[in-house]
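Participant: no sequence on this one, just coordinates:
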Ligand SMILES: [Cu+2]
């Protein structure tokens, strides 16, 4: 048992440079346009007020270890950026990771509409998030099967690319987009890696009654709180006897809001 993490640790110890197993979301692309993300290894004063910055500040590549972390929405400290990524509902945004070395656990993408169309003054602990994309265990068993996260791993130095479609039918306005990788390779010790960016979405016009383009209440979650904190799909030992033949995994956080039904997983 535990062969995978032991081998991984040995391999990483032999790597030159930053020999850490952790990481985060480095850049975004929309079409041919790149949006540089925040870099935790560069001084914050060189980044936070730069007009090119569209991502919220994350101070370390280390994970959050509890679903009850006050930083679960947009990492620590989550300071807002000056600018927004323009995108049209129905278009694809790709998150770029320079390396990702963990293989197990779900990946999800969330949006939160900013009150008064201003994402800089959002209280992140009250922000209402809805899930637009998810991927978990694609085939096989929890320990040995193929997770999306495993197929996202890169060992060759190429960036990992995570394309997601903004739901067609979303109401126009400003949103925070939240990418979360949950890594489950350590028994009963989840690792959360959330990063956020600001979006200016060209979407459908709002009707007088405000219904069109709006996401129903039952999809909305707050973080922390959206995960209960003791879920079996978060606190799990994938190497245990009871899980040796398990081939199903329920991604936490409830259902996806699909907008007008164009499948956001097909990009
Ligand atoms: Cu790590």
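Facilitator: Received, thanks. Everything quoted here is computed from the prediction, not taken from an experiment.
Participant: for residue 128, which non-adjacent residue is closest in space?
Facilitator: Of all residues not flanking residue 128 in the chain, residue 220 sits nearest, at 4.0 Å (Cβ to Cβ, 6 or more residues apart in numbering). Every residue, glycine included, has its C-beta placed from N, CA and C.
Participant: can you check residue 133 too?
Facilitator: In space, and not counting its chain neighbours, residue 133 is closest to residue 109: 4.0 Å by Cβ to Cβ, 6+ apart.
Participant: buried set for stretch 65-81?
Facilitator: Within stretch 65-81, the residues that qualify as buried by neighbour count (16 or more other Cβ atoms under 10 Å) are 66-67, 69, 71-76, 78-81.
Participant: whoops, I mixed them up, stretch 217-233
Facilitator: Buried residues in stretch 217-233, defined by neighbour count with 16+ other Cβ under 10 Å: 219-224, 226-227, 233.
Participant: so after the helix or strand bottoming out on mean pLDDT in the chain, what's the next helix or strand?
Facilitator: Across the helices and strands of the chain, mean pLDDT, DSSP states H and E gives its lowest value to helix 3-13, namely a mean of 40. Downstream of helix 3-13, the first helix or strand assigned by DSSP states H and E is strand 27-30.
Participant: can you report how many residues neighbour residue 173?
Facilitator: Using other Cβ atoms under 10 Å, residue 173 has 17 neighbouring residues.
Participant: sorry, that was for residue 85
Facilitator: If we define neighbours as other Cβ under 10 Å, then residue 85 has 20 of them.
Participant: and what of residue 83?
Facilitator: 16.
Participant: and the pLDDT at it?
Facilitator: At residue 83, the model reports a pLDDT of 98.
Participant: how about it, what does it touch?
Facilitator: Contacts for residue 83 (Cβ atoms under 8 Å, 6 or more residues apart in numbering) come out as 51-54, 198.
Participant: same thing with residue 131?
Facilitator: 108-110, 219, 221, 253-257.
Participant: make it 6 Å
Facilitator: 108, 110, 253, 256 (Cβ atoms under 6 Å, 6 or more residues apart in numbering).
Participant: which bits of the stretch 1-150 of the chain sit near the ion?
Facilitator: Proximity of the stretch 1-150 of the chain to the ion, by Cβ under 5 Å from the ion, involves residues 21-22.
Participant: about what we covered before: ok, the residue nearest to residue 128 to residue 116 distance?
Facilitator: Per Cβ to Cβ, to the nearest Å, residue 220 is found 18 Å from residue 116.
Participant: still on that earlier bit, ok, the contacts of residue 131 vs residue 31, which is closest?
Facilitator: Using Cβ to Cβ, the shortest approach to residue 31 within the contacts of residue 131 belongs to residue 110, at 22.0 Å.
Participant: for the closest one, grab the count of nearby residues.
Facilitator: Counted with other Cβ under 10 Å, residue 110 comes out at 28.
Participant: what sits against residue 36?
Facilitator: By Cβ under 6 Å, 6+ apart, residue 36 lies in contact with 27, 52.
Participant: could you pull out the strands for the stretch 51-200 of the chain?
Facilitator: Remark: strands assigned in the stretch 51-200 of the chain by DSSP state E, counting those that start in this stretch are 85-88, 92-97, 107-113, 130-135, 137-139, 146-147, 160-165, 173-183, 191-202.
Participant: among those, which is nearest residue 22?
Facilitator: Comparison of the strands of the stretch 51-200 of the chain against residue 22 by Cβ to Cβ identifies strand 191-202 as nearest, at 7.5 Å.
Participant: what's the angle from that closest one to strand 92-97?
Facilitator: With axes from the mean of the first three to the mean of the last three Cα atoms, to 10 degrees applied, the angle from strand 191-202 to strand 92-97 works out at 150 degrees.
Participant: buried set for strand 191-202?
Facilitator: Using 16+ other Cβ under 10 Å as the test for burial, strand 191-202 gives 191-201.
Participant: quick one: which of those is nearest residue 88?
Facilitator: Lowest distance from residue 88 to these (Cβ to Cβ) belongs to residue 201, with 7.3 Å.
Participant: can you pull the pLDDT of the closest one?
Facilitator: pLDDT, read off for residue 201, is 96.
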